[in-house]
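A.B. asks: The sequence and its predicted three-dimensional model are supplied below.
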Amino acid sequence: MKTIGLTSVLCVLSIAAFTAPAQAQNVLTIHRLPAPLAPEAAAAAVTSCAKQGYKVTASIIDTDGVVQAMLRGDGASMTTPGATRDKAYTAIMLGAPRNEDSSAAVAKRMGGNASPGGLAKLPHVLLLPGALVIRAGGEAIAAIGVGGAPGGNLDEACAKAGLDKIADRLK
C-alpha cells in the first residue's frame, strides 16, 4: 500500500477549500445606480452650483470606475471633466472600501498628497475634495464628483445637492 505524503494531503485540502465556496455561489449580485438617475444627479449638481455663480462639471462613476454620466455646465473650464471623473474615481475606489464617503476623507487620510510614486501617481486618483460616494442600503454603488467651483468644499456641496436629488430613490 502506498502512503500519501503530507504535502499531497495539504494540496487536496487547499483545492477543496477554494472550490467549495465557488460551487455554492455561481452568480454574483452587483447593485448599480440605475441609468436614469445618473444624469439627473449630475444635472442637479451643476444646477446647484450655477445658481451660486459657479461654472462646474459633474460626473457619476460606477463601481468599476467607468463614467456613467457627465454634464459640463455652461462656461465650465475644459479641465473640469477630467477632474470630476478623477475625484469620483478616488472616492469610489479608495474611499468606499474603507467606509469613507468622500474624496475629501481620502485626501485627509492621505495627508493631501500621497508619496511620490505612490497613490498620487495612479491613473485617475485626485486627492481633492469634491466627490461623494453614492450608497443604496449602505452599499457603495457609485460616486458623484464636481469640479469648477472656487474650492473643493463648494464642489462637494454641489455634489451633495445632486445626491439629495435622487436619495429618496436609492433603496
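C.D. replies: Yep, it's here.

A.B. asks: mind checking the SS state of S59?
C.D. replies: Look at S59: counting by DSSP: H, G, I helix; E, B strand; the rest coil, its state is strand.

A.B. asks: where exactly do the helices run in this structure?
C.D. replies: For the chain, the helices defined by DSSP state H cover 6-24, 37-51, 80-90, 103-109, 152-166.

A.B. asks: Could I get those in a markdown table, plus columns for mean pLDDT and mean neighbour count?
C.D. replies: To be clear about C-beta, it is placed using only N, CA and C from the backbone, and glycine gets the same treatment. Shown next, in a markdown table, are these (pLDDT from 0 to 100; neighbours: other Cβ atoms under 10 Å):
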| stretch | mean pLDDT | mean neighbour count |
| --- | --- | --- |
| helix 6-24 | 50 | 9 |
| helix 37-51 | 98 | 22 |
| helix 80-90 | 97 | 26 |
| helix 103-109 | 93 | 22 |
| helix 152-166 | 98 | 22 |
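
A.B. asks: Dump those to a markdown table, plus distance to V133.
C.D. replies: Output for these, formatted as a markdown table (distance: least, Cβ to Cβ, whole Å):
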| stretch | distance to V133 |
| --- | --- |
| helix 6-24 | 28 |
| helix 37-51 | 12 |
| helix 80-90 | 9 |
| helix 103-109 | 9 |
| helix 152-166 | 9 |
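
A.B. asks: Of those, which is nearest T57?
C.D. replies: With Cβ to Cβ as the measure, helix 80-90 is the member of the helices of the chain nearest T57 (3.7 Å).

A.B. asks: Out of the helices of the chain, which gets nearest to Q68?
C.D. replies: Comparing the helices of the chain under Cβ to Cβ, the one sitting nearest is helix 37-51, at 4.3 Å.

A.B. asks: C-alpha coordinates for the closest one, PDB please?
C.D. replies: Only the C-alpha atoms of helix 37-51 are listed here, as PDB (Å, rounded to 0.1, in the frame of the first residue of the first chain):
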ATOM      1  CA  LEU A  37     -30.700  58.600 -12.000                       C
ATOM      2  CA  ALA A  38     -27.100  59.300 -13.000                       C
ATOM      3  CA  PRO A  39     -27.800  62.200 -15.400                       C
ATOM      4  CA  GLU A  40     -30.400  63.500 -13.000                       C
ATOM      5  CA  ALA A  41     -27.900  63.700 -10.200                       C
ATOM      6  CA  ALA A  42     -25.300  65.300 -12.400                       C
ATOM      7  CA  ALA A  43     -27.800  67.900 -13.700                       C
ATOM      8  CA  ALA A  44     -28.900  68.700 -10.100                       C
ATOM      9  CA  ALA A  45     -25.300  69.200  -9.000                       C
ATOM     10  CA  VAL A  46     -24.500  71.500 -12.000                       C
ATOM     11  CA  THR A  47     -27.700  73.500 -11.400                       C
ATOM     12  CA  SER A  48     -27.000  73.900  -7.700                       C
ATOM     13  CA  CYS A  49     -23.600  75.400  -8.500                       C
ATOM     14  CA  ALA A  50     -24.900  77.500 -11.400                       C
ATOM     15  CA  LYS A  51     -27.400  79.200  -9.000                       C
END
